[in-house]
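Asker: Would you be able to build a 3D model of this:
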Amino acid sequence: MASEPRLVIAGRVGRAHGLDGSFKVNQPVRDFTVGLLVTVVRTERLVERVAGTARHPLVRLEGIADREAATALRGEVIRVPGAETPLDEGEFRIADLVGCQVEGLGAVQRVLPGPSCDVLELEDGLLVPLITDAVDEVDVGGRRIEVNRKFLGLEEPS
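Answerer: Numbers count the residues shown, from 1 in each chain. Sure, this is the predicted structure:
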């Protein structure tokens with residue numbers, strides 16, 4: 001019995017573009033082509049239209065026929081079948097951070113895309129920018145993240 005290919009992140013649905021259901025793809029990490037099968041919100045859809053550039057693709061998916069439908073998907077992850085690229089030492093996948101514990105602050109609930117960096121949203125709503133000044137260590141295997149409490153304003157400077 002052959003296993004189904006693992007779905008990997010190809011980008012996120014961005015702002016609607018035009019009236020026909022097209023949208024910008026934020027954080028694209030795969031090329032989009034007409035006929036590509038993608039999964040958004042656990043629903044498979046074919047890519048019907050691709051415009052823009054590789055860095056700033058504009059895409060329309062089968063079944064997303066108007067601006068309102070595209071707007072409703074904004075922020076959702078776009079996944080495609082395929083093997084993930086091997087990681088180098090010290091690298092991690094954003095999706096692997098969800099559920100990691102930040103000592104004394106709680107678990108990461110989700111990772112939000114920001115304009116200049118991704119942001120960790122913790123259980124209590126605290127937002128931690130995913131930058132080296134704020135995050136001291138990420139141990140995906142140990143399911144923990146160490147943060148710089150002084151940088152985040154959670155401790156008084158010494």
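
Asker: ok, which stretches of the protein are strands?
Answerer: 7-16, 23-26, 37-40, 43-52, 57-61, 77-81, 101-102, 106-112, 119-122, 127-129, 135-139, 144-147 (DSSP state E).

Asker: what's the spacing between the last one and its chain's center?
Answerer: If you compare the mean C-alpha spot of strand 144-147 with that of the full chain, they lie 19 Å apart, counting by CA atoms, centre = their mean, to the nearest Å.

Asker: how's the protein carved up into domains?
Answerer: With domains defined by automatic domain parsing, the chain comprises 7-81, 94-147.

Asker: so where is the chain shaky, pLDDT-wise?
Answerer: Scanning the chain for pLDDT under 70 picks out 1-5, 83-85, 157-158.

Asker: and of the domains of the chain, who's closest to residue 156?
Answerer: Distance to residue 156, taken as CB to CB, is lowest for domain 94-147 among these, at 15.6 Å. Where you see a C-beta, it was placed from the backbone N, CA and C, and this is true even at glycine.

Asker: roughly how far apart are residue 143 and residue 75?
Answerer: Taking CB to CB, to the nearest Å as the measure, residue 143 and residue 75 are separated by 25 Å.

Asker: nearest residue to residue 13 other than its sequence neighbours?
Answerer: Excluding the flanking residues, the one nearest residue 13 by CB to CB, 6 or more residues apart in numbering is residue 73, at 4.4 Å.

Asker: my guess is residue 100 contacts residue 107, does it?
Answerer: Yes: using CB atoms under 8 Å, residue 100 is in contact with residue 107, at 6.7 Å.

Asker: Deepest-packed of the domains of the chain, please.
Answerer: Neighbour counts (mean count of other CB atoms under 10 Å) averaged over each of the domains of the chain peak at domain 7-81, with a mean of 17.

Asker: Now that residue 122 has come up, it's in contact with residue 110, right?
Answerer: No: counting by CB under 8 Å, residue 122 does not reach residue 110; the two are 9.6 Å apart.

Asker: circling back to that earlier point, need the domains of the chain in JSON lines (columns: distance to residue 153).
Answerer: As requested, the domains of the chain are exported to JSON lines (distance: least, CB to CB, whole Å):
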{"stretch": "domain 7-81", "distance to residue 153": "27"}
{"stretch": "domain 94-147", "distance to residue 153": "10"}
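
Asker: Which one of those lies nearest to residue 87?
Answerer: Nearest to residue 87, of the domains of the chain and by CB to CB, is domain 94-147 at 9.5 Å.
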